[in-house]
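*Asks:* with the input below, show me the fold.
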Amino acid sequence: MIGRKIERQKLDDLTHSGKAELLAILGRRRIGKTFLIREHYDQHIVFEFTGTQHADKQSQLKKFAQKLSEYRQNQIRVATPEDWSEAFIQLKIYLKNLQQSERKPVVFFDEFPWISGARSGFLQEFAYWWNDWANRQQIVVVICGSAASWMIDKVVNNTGGLHNRITEYIHLQPFTLAEVRQYIHSINLTLDDYQILQLYMSIGGVPHYLQHLRKGESATQIINRLCFNKDGILRNEFNNLYAALYDGHERHIAVIKALSSKWQGLTREEIIKLTGLSNGGGLTQLLTELISSSFVAEIIPFGKKRKEKLYRLIDEYSLFYLTFIAGKRAGKKDIWLQTSQEQYYKIWRGYAFENICIKHVEAIKKALGISGIYTEVSGFRSPSDAEGEGIQIDMLIDRADQCINLCEIKFYNDELTLTKEDAGKLRRRRSRFQQISKTKKTVFNTLITTYGIQSGQYSHAQVDHCITMDSLFLLEHFE
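*Replies:* All right, here's what the predicted structure looks like:
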């Protein structure tokens with residue numbers, strides 16, 4: 001298995017803990033939650049049941065009985081229970097009659113939110129089963145769901161029978177660049193870091209998407225086939241993705257579309273203006289759901305208060321889809337091979353690279369030698385005024401050791417050549433930031449780029465650190 005080292009260690013710990021364990025694992029669609037549990041626990045799973053989306057209570061109960069019959073492996077078919085109370089009695093009897101084993105048994109409920117439909121009584125009966133019997137057994141119970149916000153609200157932060165009952169929690173994230181590289185090498189594909197980076201900008205680190213890579217194709221060819229061919233798996237993934245995660249997903253998509261229109265992020269008021277959504281608790285919940293599913297990030301600009309935070313679209317595929325795929329006719333031969341040479345794409349990938357750097361800030365900290373120092377990451381923008389020119393800082397790392405890194409992020413297909421003008425811009429930017437922020441901290445100019453700086457007269461005049469793309473591949477997981 002590629003990556004997931006921290007998660008696999010947690011799973012191991014649960015099987016050796018000497019007590020009952022209740023694990024909640026969540027993450028967006030296609031991220032590999034089910035694969036992780038099935039692959040890692042393998043022979044430990046003694047019962048697995050997967051919910052069916054939009055199925056009614058009776059249909060779920062019928063499938064539950066069918067699955068229990070399969071695991072019992074005898075000719076006596078389990079009768080469909082009348083309700084979930086009876087279903088969990090049947091499950092308890094089955095588990096009590098299992099032969100003793102050195103392995104701690106695992107019970108796995110997949111797509112947990114889909115089982116717990118409105119007025120089904122499932123969640124209450126599950127809580128009763130856990131509190132009354134399961135929590136006193138040598139057992140691991142895993143509950144898994146793509147609807148991250150539902151899992152957090154109804155399970156992790158449950159105020160009823162499951163209050164404080166979760167013993168372990170895993171929020172599965174997309175692969176990092178390092179993990180994508182490991183996966184690509186494991187299937188014997190020949191793509192260098194520059195190609196991997198371009199691929200990541202477009203489809204992110206979602207394992208299911210990566211399974212469709214083919215040997216002998218460049219990143220451009222892969223993107224063209226997956227996203228622009230008539231039968232490409234990512235051609236129509238966008239609507240399916242959000243529909244599978246959220247009820248009333250049209251409102252979520254409206255926010256995502258609004259955020260895609262301004263790469264640096266939007267305030268709450270700007271989101272309301274662009275979407276027409278009301279400024280109430282419903283919007284707060286919606287934004288929380290998008291953040292919980294790792295589509296959106298909250299960014300508090302340097303020197304600003306929390307109420308002035310920005311919401312920024314950070315999901316690579318969603319941004320790529322809305323920028324280049326939506327509204328385009330499928331099937332036009334080699335459309336992406338042509339589009340990827342246009343100037344607009346070159347501008348766009350600069351922003352996409354910036355997003356990747358923000359996500360991989362722990363790798364950047366490692367390259368800077370400050371992994372152990374507490375930091376806060378933000379951006380900084382200030383318009384021109386009577387005292388000086390306006391400035392924009394892509395990423396700012398505010399450090400507890402009284403230093404600040406002003407990061408200039410550049411995606412380029414070769415080494416950068418810094419001119420006298422470039423050096424002057426960096427010098428003025430640092431000076432202007434110090435003037436506006438009135439910071440007493442030491443301020444470093446930090447350049448993050450693909451291949452570094454070409455040696456020359458102005459190469460290092462105003463650059464304190466230069467970090468190349470290989471540093472972004474240093475960590476296997478997000479801290």
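
*Asks:* gap between residue 381 and residue 431?
*Replies:* 16 Å (C-beta to C-beta, to the nearest Å). All C-beta spots, glycine's among them, are computed from the backbone N, C-alpha and C.

*Asks:* over to residue 385?
*Replies:* Where residue 431 is concerned, residue 385 sits at a distance of 15 Å (C-beta to C-beta).

*Asks:* higher neighbour count, these two?
*Replies:* Taking other C-beta atoms under 10 Å, residue 385 and residue 431 do not tie; residue 431 has more neighbours (13 against 9).

*Asks:* what helices or strands is whichever strand or helix holds the more buried one leaning on?
*Replies:* Counting by DSSP states H and E, the element that carries residue 431 is helix 420-437. If contacts are counted by 3 or more C-beta pairs under 8 Å, 6 or more residues apart in numbering; DSSP states H and E, helix 420-437 sits against strand 375-382, strand 391-399, strand 403-410, strand 442-449.

*Asks:* how about a cut-off of 7 Å?
*Replies:* Contacts defined by 3 or more C-beta pairs under 7 Å, 6 or more residues apart in numbering; DSSP states H and E place helix 420-437 against strand 391-399, strand 403-410, strand 442-449.

*Asks:* that helix - what's its average pLDDT?
*Replies:* The average pLDDT for helix 420-437 rounds to 93.

*Asks:* and it with strand 375-382, angle?
*Replies:* Relative orientation of helix 420-437 versus strand 375-382 (axes from the mean of the first three to the mean of the last three C-alpha atoms, to 10 degrees): 100 degrees.

*Asks:* gap between helix 420-437 and the chain center?
*Replies:* The chain centroid and the centroid of helix 420-437 are separated by 34 Å under C-alpha atoms, centre = their mean, to the nearest Å.

*Asks:* what of stretch 14-30?
*Replies:* 19 Å.

*Asks:* same check, this time on stretch 457-473
*Replies:* Distance of stretch 457-473 from its chain centroid, counting by C-alpha atoms, centre = their mean, is 28 Å.

*Asks:* now do the same end-to-end measure for it.
*Replies:* 30 Å (C-alpha to C-alpha, to the nearest Å).

*Asks:* contacting residues around it?
*Replies:* With C-beta atoms under 7 Å, 6 or more residues apart in numbering as the contact definition, stretch 457-473 has outside contacts at 177-178, 181, 193, 197, 356, 360, 363-364, 367-368, 418-420, 422-423, 426-427, 444-453.

*Asks:* just the buried subset of those residues, written out for ChimeraX, thanks.
*Replies:* Entered in ChimeraX, the line below selects the buried ones among the contacts of stretch 457-473, by 16 or more other C-beta atoms under 10 Å:
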select :177,178,181,193,197,356,360,363,364,367,368,418,422,423,426,444,445,446,447,448,449,450,452,453
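
*Asks:* quick one: contacts of the helix holding residue 431?
*Replies:* By C-beta under 7 Å, 6+ apart, helix 420-437 touches 302-303, 380, 382, 388-389, 391, 393, 406, 408, 443, 445, 458, 461-463.

*Asks:* try stretch 245-253
*Replies:* Contacts for stretch 245-253 (C-beta under 7 Å, 6+ apart): 28, 29, 146, 147, 242, 243, 277, 286, 289, 290, 293.

*Asks:* swap the cut-off to 10 Å and go again
*Replies:* 28-29, 113, 145-150, 238-243, 256, 275, 277, 282-283, 286-287, 289-290, 292-293, 295-296, 318, 322 (C-beta atoms under 10 Å, 6 or more residues apart in numbering).

*Asks:* tell me which element the spatially closest residue to residue 339 that is not a sequence neighbour is part of?
*Replies:* Spatial nearest neighbour of residue 339, chain neighbours left out: residue 345 (6.0 Å); criterion: C-beta to C-beta, 6 or more residues apart in numbering. Secondary-structure assignment from DSSP H and E places residue 345 in helix 343-359.

*Asks:* which residues does residue 384 contact?
*Replies:* 390, 391, 432.

*Asks:* which stretches of the stretch 151-300 of the chain form helices?
*Replies:* 177-186, 193-203, 207-210, 219-223, 237-245, 249-260, 268-275, 281-292 (DSSP state H, counting those that start in this stretch).

*Asks:* I'd like the next helix or strand past the helix holding residue 345.
*Replies:* The helix or strand immediately downstream of helix 343-359 is helix 361-368, counting by DSSP H and E.

*Asks:* average pLDDT across that next one?
*Replies:* 95.

*Asks:* show me the chain divided up by domain.
*Replies:* Here the domain assignment for the chain is 5-171, 177-235+330-352, 238-323, 361-473, based on automatic domain parsing.

*Asks:* buried ones only from the contacts of helix 420-437, please, as a ChimeraX command.
*Replies:* Per 16+ other C-beta under 10 Å, the buried members of the contacts of helix 420-437 correspond to this ChimeraX selection:
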select :302,380,382,391,393,406,408,443,445,458,462,463
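
*Asks:* tell me the least confident of the contacts of helix 420-437?
*Replies:* pLDDT across those is at its lowest for residue 458, which sits at 78.

*Asks:* so it: helix, strand or coil?
*Replies:* coil (DSSP: H, G, I helix; E, B strand; the rest coil).

*Asks:* now it, nearest residue through space, not along the chain?
*Replies:* Nearest residue to residue 458 in three dimensions, chain neighbours excluded: residue 423, at 4.2 Å (C-beta to C-beta, 6+ apart).
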